[in-house]
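Peer 1: Predicted structure and sequence below. I'll ask about it afterward.
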Amino acid sequence: YSGAVADSGEGRWTIEAAMEQSTPVPVLSNALFARYSSRQQSLYGDKLLSAMRFGFGGHVEMPKK
């Protein structure tokens, strides 16, 4: 696993909808930001996150650039 965690856009959409309603969603926001962060650095924790997302939800990694 490379550690670059992809996002489907659903989390981003949910956060945008919550912002329009002035509803805080810190857990969702932190999860999305962790995915973004994983694309800029290669940490062991990011590799574990990528592996768990694949194992539990079938989420594929981002293609390597």
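Peer 2: Sure thing, it's come through.

Peer 1: And the strands in the protein?
Peer 2: In the chain, no strands are defined using DSSP state E.

Peer 1: who touches the one helix or strand in the chain whose mean pLDDT sits lowest?
Peer 2: Every helix and strand in the chain was compared by mean pLDDT, DSSP states H and E; the lowest is helix 44-57, with a mean of 80. Residues from elsewhere that reach helix 44-57, judged by Cβ atoms under 8 Å, 6 or more residues apart in numbering: Tyr1, Ser2, Gly3, Ala4, Val5, Ala34, Ser37, Ser38, His59, Val60, Glu61. Heads up, the C-betas are built off the backbone N, CA and C, glycines and all.

Peer 1: 7 Å instead?
Peer 2: Residues outside helix 44-57 that contact it (Cβ atoms under 7 Å, 6 or more residues apart in numbering) are Tyr1, Gly3, Val5, Ser38, His59, Val60, Glu61.
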